[in-house]
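**Student:** okay, sequence plus prediction incoming.
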There are 2 protein chains.
Amino acid sequence: MPLSFIQTSKDPNSFARGGILSLGDIEVETPVFMPVGTRGSVKALSSEDILELGYKLILGNTYHLYLKPGKEVMETFGGLKNFMAYPNALLTDSGGFQVFSLSGLFKFEEDGVRFQSHIDGSHHKFTPESVIDMQRAIGSDIMMVLDDCAPYGSSTERLKESLERTHRWAKQSVAYWQNNPNNQNLFCIVQGGVNEALRLESLQTLQNMDFPGIALGGLSVGEPREEYVRILEALSPHLDTKRPRYLMGVGTVVDILDGVKNGIDMFDCVLPTRNARNGQVFTSKGKINLRNESHRLSTEPIDPLCECKVCKTYSLGYLRHLHKVKEILAFTLSTYHNLYFMKQFMDNLRKSIEKGEFQTYYDHWKKLFTP
Amino acid sequence: MPLSFIQTSKDPNSFARGGILSLGDIEVETPVFMPVGTRGSVKALSSEDILELGYKLILGNTYHLYLKPGKEVMETFGGLKNFMAYPNALLTDSGGFQVFSLSGLFKFEEDGVRFQSHIDGSHHKFTPESVIDMQRAIGSDIMMVLDDCAPYGSSTERLKESLERTHRWAKQSVAYWQNNPNNQNLFCIVQGGVNEALRLESLQTLQNMDFPGIALGGLSVGEPREEYVRILEALSPHLDTKRPRYLMGVGTVVDILDGVKNGIDMFDCVLPTRNARNGQVFTSKGKINLRNESHRLSTEPIDPLCECKVCKTYSLGYLRHLHKVKEILAFTLSTYHNLYFMKQFMDNLRKSIEKGEFQTYYDHWKKLFTP
């Protein structure tokens, strides 16, 4: 459904804000973290688990879904939500980032990008219009434009080329979307690397177009943390307050804190789920590794303060054993816990803004999760 | 708790029977299929899943639990049931079968068997007493004796050696158990390969000892189906009706049918869970492979007649996709379905005996599941 966004709270000392992002009947409280369901499943969890955890907005990857199961399957099932039996809201990326980062072989053309599948080397082409068509087949509530995300370390010349292409495609994309919006929304993606001037130019250019939301791309792609924060701080005073802002692919607890401080409303990242599968879980005292020998005889839960069903039921000793012998259940339980943690972390972050306690919350968690 | 078994129904034309196996507060209706939780987890499922599926008796593998997480962990947690947060009844094998089939390197001694771990080659020894001690640490309701399971194709001489060792160890085991029964039960294991005379000798010898239950070992270990059925038919008239009978490591739907026909009450096998992970699921029309291209666009469930939550929620098309891209969720959902199927299959098998319709049930399912 066409989205509406209202800002419901604001930290007086930073750009941090709370809001409600409405997508038809589904109301998403922001700041929000979106679990990543790359290939039609948030790895190791079922759609029931996602609903039980309270998530109302998740992410799907267009690149992966385009390759498998493909557009015909998405169309036959009436979209990804029906396919995976998930009834809440869905955001999809455009697939561009995966073309640049996964496929290995890609080549820009005037009207799009050619690439080879990372699975079988087969040849494909994405255009601003074709990725919208694919996202229409997927039926996401929020679609993303095809952009050119230049890697960290790119020359100014390369960044300027990225902006020219990103803005040109954005203009085409918004026109193509508006021609048949079909209850979906389209976000633009701000590029410009770690060059402040180019970032601001990109933001202004894209904010002048009719996108219902603004995303920042090309951050958390390998740059030092200082650069990441510097760019967020450069952009934050200029972000349109009426539209939701989405920081793509972020991130860690610490990166989310700095994102929220700089006015970001939406985040997604594979870290909580990927780290869980590797035995790293998040707690009220910081990160812990479930494989550690020290947990071998521990009858304690991951986090005595956590109310999740994993912490209420299973011990560190059991979870350590499951990880050591690589039982599938290790991945499921650890993922469930980490996504429960992220939900609580974001809910409480939002409350801290409402209560005027954001800075305290920021300091507390930043200290705990800074390596 | 000390077990009690009562036979509650009997097929007039075969040895098939229904019963109730009581282990303290836990009443297990027989014939029963036990899911296998080799290393403290029924692969891909949580203990909540097992309870939700209605299983009241599962199996753990002593060999695997002895190697990882080890006896000290079992003792610290007060047994496997606490460790894995599973409150119902538990049966453990003795570990002998895995020593012979997995470890590769083993050597009999007068008082036990030396072997090397299949994980790291480390040296270990099992004796009739030490495997009971380990099963005491695991805290299973039903323990199994250490036996000598000669492989299929063994000479008569080797089978006789197996019987001598198996019976000698059984005698030691029952004495060692009775010295401190501690609310646990111990079953003997009948050996003798596919030699009817030796099988009968083994059965008579062991039934003369004070075991609360009788297991048949060394079947479904590679022998032709005719041999399997022939041995069951030779033994069935001689099985003690007062004690529960357990056919170890069996099996397929068809093998279970022939087991029940010949008076078996208890079964365990990894097939329903292992096949599920490989995409093979059981339905009211027989087996199907979820990876088949034919399911790509199917919005139908695995089995329209199945009431399980997987069939109520997910389509063949989705499950096929999950299996093709090897998502963890594929393993979880398929395993859940197959164990739901097995529970229904056994419940209805029991009812068919009560209603005097066993032969019809037998014929129906045998036809569907015979390759």
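**Tutor:** Looks like it arrived, so ask away. On a predicted model such as this, the values are computed, not experimentally measured, just so you know.

**Student:** which secondary element of chain A has the worst mean pLDDT?
**Tutor:** Lowest mean confidence among the helices and strands of chain A (mean pLDDT, DSSP states H and E): helix A:96-101, at a mean of 92.

**Student:** which residues does that helix contact?
**Tutor:** By CB atoms under 8 Å, 6 or more residues apart in numbering or on different chains, the surrounding residues in contact with helix A:96-101 are A:61-64, A:106, A:113, A:115, A:126, A:131, A:146-149, A:151, A:217, A:248-249. All C-beta atoms are positioned from the backbone trio N, CA, C, and that covers glycine.

**Student:** hmm, 10 Å instead?
**Tutor:** The contact list for helix A:96-101 (CB atoms under 10 Å, 6 or more residues apart in numbering or on different chains) reads A:38, A:61-64, A:66-67, A:105-106, A:112-118, A:124-126, A:128, A:131, A:144-151, A:166, A:169, A:189, A:217-218, A:221, A:248-249.

**Student:** residues of the stretch 51-200 of chain A that sit close to chain B?
**Tutor:** Counting by CB under 10 Å from any CB of the partner chain, the stretch 51-200 of chain A comes close to chain B at A:64-65, A:67-70, A:72-73, A:75-78, A:80, A:82-85, A:119.

**Student:** just the buried ones among these, please.
**Tutor:** Buried members of those, scored by 16 or more other CB atoms under 10 Å in any protein chain shown, are A:64-65, A:67, A:69, A:73, A:76-77, A:80, A:82-84.

**Student:** dump these to TSV, plus pLDDT, distance to residue B:290 and secondary structure.
**Tutor:** Formatted as TSV, those follow (pLDDT from 0 to 100; distance: CB to CB, whole Å; DSSP: H, G, I helix; E, B strand; the rest coil):
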residue	pLDDT	distance to residue B:290	secondary structure
A:64	97	19	helix
A:65	98	19	helix
A:67	97	19	helix
A:69	98	13	coil
A:73	98	15	helix
A:76	98	17	helix
A:77	98	16	helix
A:80	98	19	helix
A:82	98	18	helix
A:83	98	15	helix
A:84	98	15	coil
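
**Student:** closest to residue B:289 out of these?
**Tutor:** Of all these, residue B:289 sits closest to residue A:69, with 16.8 Å by CB to CB.

**Student:** distance of the closest residue to that closest one other than its chain neighbours relative to residue B:296?
**Tutor:** With CB to CB, 6 or more residues apart in numbering or on different chains as the criterion, residue A:69 has its nearest non-adjacent residue at 4.3 Å, and that residue is residue B:321. From residue B:321 across to residue B:296, the span is 8 Å (CB to CB, to the nearest Å).

**Student:** and residue A:326, how many neighbours?
**Tutor:** Residue A:326 has 9 neighbouring residues, counting by other CB atoms under 10 Å in any protein chain shown.

**Student:** ok so, going back, output the contacting helices and strands for the host helix or strand of the residue nearest to residue A:69.
**Tutor:** Assigned by DSSP states H and E, residue B:321 falls within helix B:316-324. Applying 3 or more CB pairs under 10 Å, 6 or more residues apart in numbering or on different chains; DSSP states H and E, we find helix B:316-324 packed against helix A:71-77, helix A:80-83, strand B:286-289, helix B:328-354.

**Student:** roughly how far out does the last one sit from the chain middle?
**Tutor:** Going by CA atoms, centre = their mean, to the nearest Å, the spacing between the C-alpha centre of helix B:328-354 and its chain's C-alpha centre is 14 Å.

**Student:** tilt between that helix and helix B:316-324?
**Tutor:** Interaxial angle, helix B:328-354 versus helix B:316-324 (axes from the mean of the first three to the mean of the last three CA atoms, to 10 degrees): 120 degrees.

**Student:** any part of helix B:328-354 near chain A?
**Tutor:** Yes: contact of helix B:328-354 with chain A (CB under 10 Å from any CB) involves B:328-333, B:335-336.

**Student:** now neighbour count and pLDDT too, for those residues, in TSV please.
**Tutor:** As requested, the residues of helix B:328-354 next to chain A are exported to TSV (neighbours: other CB atoms under 10 Å in any protein chain shown; pLDDT from 0 to 100):
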residue	neighbour count	pLDDT
B:328	20	98
B:329	27	98
B:330	24	98
B:331	24	98
B:332	28	98
B:333	28	98
B:335	26	98
B:336	23	98
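
**Student:** show me what contacts the closest residue to residue A:340 other than its chain neighbours?
**Tutor:** Distances taken as CB to CB, 6+ apart place residue A:308 nearest to residue A:340, at 3.8 Å, with adjacent residues excluded. Taking CB under 10 Å, 6+ apart, we find residue A:308 in contact with A:52-53, A:301-302, A:333, A:336-341, A:343-344.

**Student:** for residue A:308, what are phi and psi?
**Tutor:** phi -70, psi 160 (degrees, to the nearest 10).

**Student:** ok, it to chain B distance?
**Tutor:** 13 Å (CB to the nearest CB, to the nearest Å).

**Student:** mind listing what's buried along the least confident helix or strand of chain A?
**Tutor:** In helix A:96-101, counting by 16+ other CB under 10 Å, buried: A:96-100.

**Student:** hmm, back to that, mind listing what the residue nearest to residue A:69 touches?
**Tutor:** When contacts are counted by CB under 10 Å, 6+ apart, residue B:321 touches A:39-41, A:65, A:68-70, A:73, A:77, A:83-84, B:290-291, B:295-296, B:315, B:327, B:330.

**Student:** can you rerun that using 8 Å?
**Tutor:** Counting by CB under 8 Å, 6+ apart, the residues that residue B:321 touches are A:39-40, A:68-69, A:73, A:83.

**Student:** same question for residue A:168.
**Tutor:** Contact analysis of residue A:168 by CB under 8 Å, 6+ apart lists nothing.

**Student:** for it, helix, strand, or coil?
**Tutor:** Per DSSP: H, G, I helix; E, B strand; the rest coil, the local secondary structure of residue A:168 is helix.

**Student:** and it, how far is that from residue A:260?
**Tutor:** 32 Å.

**Student:** equivalent analysis for residue A:180, please.
**Tutor:** Noted for residue A:180: a distance of 34 Å to residue A:260, by CB to CB.

**Student:** sounds good, over and out.
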